[in-house]
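A.B. asks: Only the shape, not the letters, is given here:
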């Protein structure tokens with residue numbers, strides 16, 4: 001065992017049960033907004049370069065072209081379900097660690113009853129909500145902060161859209 005493997009084993013414990021039993025897996029993809037923003041900046045830069053203007057305006061155009069290309073390659077704010085290919089948006093909410101039991105129970109039984117007054121008062125828990133308003137699908141997963149990263153502490157739970165309005169806003 002190398003020193004790096006030993007370091008990974010000691011400082012980044014894994015919960016094998018959660019990783020092997022994961023029902024849903026989401027990956028980042030380009031959303032329509034990402035593509036339109038990068039294209040708008042790219043086209044604006046091309047127009048500035050093509051117009052017969054002064055050198056500083058042409059330089060600005062080149063920087064806008066480069067920015068549009070970089071944003072087109074890097075910016076990914078959408079999420080896709082790897083099984084079905086359905087696209088989602090993601091909303092994150094942060095809670096203090098002492099709210100873990102109440103949030104866990106509320107997600108399973110009545111998501112609309114989650115107490116949002118504790119939101120942003122600590123970073124011990126992260127509640128990820130993946131939603132698609134067109135299809136009405138909502139998935140929720142809770143993560144617990146273990147030094148240097150968030151570890152899943154619940155499975156992916158499917159919730160009805162009308163009950164998850166509080167989590168999406």
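C.D. replies: Yep, that arrived. All figures in this text were calculated on a predicted structure; none of them were measured in a lab.
A.B. asks: Out of the helices and strands in this structure, which is least certain?
C.D. replies: Lowest on mean pLDDT, DSSP states H and E among the helices and strands of the chain sits helix 16-20, with a mean of 35.
A.B. asks: just checking, next helix/strand downstream of that one?
C.D. replies: Along the chain past helix 16-20, the next helix or strand (assigned with DSSP states H and E) turns out to be strand 26-29.
A.B. asks: starting at the chain centroid, how far to that following strand?
C.D. replies: The gap between the average C-alpha position of strand 26-29 and the chain average comes to 8 Å, counting by C-alpha atoms, centre = their mean, to the nearest Å.
A.B. asks: tell me what the helix or strand that comes right after it is packed against?
C.D. replies: Helices and strands here follow DSSP H and E; after strand 26-29, the next one along the chain is helix 32-50. Of the remaining helices and strands, those touching helix 32-50 by 3 or more C-beta pairs under 8 Å, 6 or more residues apart in numbering; DSSP states H and E are helix 55-74. For every residue, glycine as well, the C-beta is placed using N, CA and C.
A.B. asks: Give me the angle between the helix it packs on and helix 32-50.
C.D. replies: For helix 55-74 against helix 32-50, the angle between stretch directions is 160 degrees (axes from the mean of the first three to the mean of the last three C-alpha atoms, to 10 degrees).
A.B. asks: Show me what helix 55-74 is in contact with.
C.D. replies: Under the contact criterion C-beta atoms under 8 Å, 6 or more residues apart in numbering, helix 55-74 has outside partners 34-35, 37-51.
A.B. asks: count of residues packed around residue 63?
C.D. replies: As a burial measure, the neighbour count of residue 63 was computed by other C-beta atoms under 10 Å and equals 13.
A.B. asks: Now do it, the pLDDT please.
C.D. replies: pLDDT recorded at residue 63 is 97.
A.B. asks: how close does it sit to residue 140?
C.D. replies: When distances are taken as C-beta to C-beta, to the nearest Å, residue 63 and residue 140 turn out to be 41 Å apart.
A.B. asks: what do you get for residue 103?
C.D. replies: Between residue 103 and residue 140 the computed distance is 10 Å (C-beta to C-beta).
A.B. asks: Compare the two (neighbour count), which wins?
C.D. replies: Neighbour totals were compared for residue 103 and residue 140, and residue 140 leads with 24 against 21 (other C-beta under 10 Å).
A.B. asks: so the more buried one touches residue 155, yeah?
C.D. replies: No. No contact is recorded between residue 140 and residue 155 when judged using C-beta atoms under 8 Å, the distance being 9.9 Å.
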